[in-house]
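Engineer: Give me the fold of what follows.
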Amino acid sequence: MEVVFERIVKKYGDVTAVGGVDLTIKSGALHFLLGPSGCGKTTMLRMLAGLESPSSGRILFNGKDVTNLPAAARGIGMVFQNYALWPHMTVRKNIEYGLTVQKLAAEQIRQRTDEALTITQLTRYGDRLPGQLSGGQQQRVALARAIAVRPTVLLLDEPLSNLDAQLRLEMRDNLSRIHKQLGITTVYVTHDQKEALSMGTNVSVFRAGQLIQTDPPRQLYHSPKSAFVARFVGETNLLSATYLGQKDGLHSVRTAIGAVDANRSMVNAKSGDEVVVSFRPEAVKLNIGGHDSPADNRLSLKLDHLTYLGESEQFQLMGPDGTLVRANVFNPPDHSLAIGDSVTAWVAAEDILVLPVETDQPAST
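Structural biologist: This is a model prediction of the structure:
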């Protein structure tokens, strides 16, 4: 089922929660709506489910206008943050409930319930009550109930937010496996970038009711089109800079900690323009452990803070004017660096991205 939002606007009085969004969700996708609290992503989901009506615009399912179609007639399955299980019903009865409402034959109800229990790996828990299950198991019951009705579109609203870190990792794997198995068009709302990057086929980033960028996870991470996306999707170093011009296919910029060359730019800048440069902490290389630094894109910094994490080490480095740069070194070598020591860092041109300066946006709604 392909889902299309056409110029969707949602207002609550004078407040615009969603402001003119155009978005296509491909059939069979696991599509994430990502953004900070209050950015409009849950409002988008509720309009898709038929729980809210757009102030203007259209919602299409495979080209059919469903904007004014009641929620019950849309064929939607939904998993909420709080699971919403009937505590007095067994797992099997919870899953059967929606099928009973559809007035299916008893044999059909049994077959679909068994199928949902198998897909979610809950077969041996069918006779238990929700209170006898772990959080992850309860989440799978909610998912089994949603898929048992064979929805055309499955909606997931922050489904893992109530789970601890380990259960979240397990449920990510479960959700990815189930999506691949069923191929249902799935729209997943979250503010957790790692969920989106690790599971999504495409990710749409929202801010203050606006759709900022939609791309596959790898492209979104490596080629953000704005400083907001670079900052929100993973960690990054963002430095104010002056654009100096192009030479040999590279974009030269001057920052407070030195001049660098980048081979990618998301802005059509001319010499003298103010821009922003972005580079990820893992792209910053340091002259520790006997590594020699190349002549290009060298930065002379001082160690400001150090965090050892075993598999990696996080360096916070400071330029002469107080500008901070973060570097993540994986499988770190032994060294004797101390706070205040001089450190030479460098970043390859292909890892530096030139971005436009952001104008202030209204607070999220």
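Engineer: which residues does residue 157 contact?
Structural biologist: Applying CB atoms under 8 Å, 6 or more residues apart in numbering, we find residue 157 in contact with 42, 45, 78, 79, 80, 81, 189. All C-beta spots, glycine's among them, are computed from the backbone N, C-alpha and C.
Engineer: Using JSON lines, please lay out those residues together with neighbour count and secondary structure.
Structural biologist: JSON lines is the format used below for the contacts of residue 157 (neighbours: other CB atoms under 10 Å; DSSP: H, G, I helix; E, B strand; the rest coil):
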{"residue": "42", "neighbour count": "20", "secondary structure": "helix"}
{"residue": "45", "neighbour count": "20", "secondary structure": "helix"}
{"residue": "78", "neighbour count": "22", "secondary structure": "strand"}
{"residue": "79", "neighbour count": "25", "secondary structure": "strand"}
{"residue": "80", "neighbour count": "13", "secondary structure": "coil"}
{"residue": "81", "neighbour count": "16", "secondary structure": "coil"}
{"residue": "189", "neighbour count": "23", "secondary structure": "strand"}
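Engineer: Residue 53: which of the residues you listed is nearest?
Structural biologist: Nearest to residue 53, judged by CB to CB, of these is residue 45 at 13.7 Å.
Engineer: bridging residues for the nearest residue to that closest one once chain neighbours are set aside?
Structural biologist: Nearest residue to residue 45, sequence neighbours excluded (CB to CB, 6 or more residues apart in numbering): residue 189, at 5.0 Å. Beta-bridge partners of residue 189, counted by DSSP bridges, are residue 33, residue 157.
Engineer: Name the residues that touch stretch 280-291?
Structural biologist: Identification of contacts with stretch 280-291 by CB under 8 Å, 6+ apart yields 234-237, 293, 314-315, 325-330, 332-335, 337, 343-348, 351-352.
Engineer: meant to ask about stretch 334-341, not that
Structural biologist: 288, 289, 302, 303, 304, 305, 306, 343.
Engineer: Buried only: go through those residues for me.
Structural biologist: Buried members of the contacts of stretch 334-341, scored by 16 or more other CB atoms under 10 Å, are 288, 303, 304, 306, 343.
Engineer: any idea how far the third one lies from residue 62?
Structural biologist: Looking back up the chat, that one is residue 304. Using CB to CB, to the nearest Å, residue 304 is found at 55 Å from residue 62.
Engineer: What of residue 37?
Structural biologist: Where residue 62 is concerned, residue 37 sits at a distance of 32 Å (CB to CB).
Engineer: neighbour count winner among the two?
Structural biologist: Set residue 37 next to residue 62 and count neighbours by other CB atoms under 10 Å: residue 62 wins out with 12 against 8.
Engineer: Next, count neighbours for residue 123.
Structural biologist: Around residue 123 there are 12 residues (other CB under 10 Å).
Engineer: no, scratch that, I was asking about residue 196
Structural biologist: When neighbours are defined as other CB under 10 Å, residue 196 has 26 of them.
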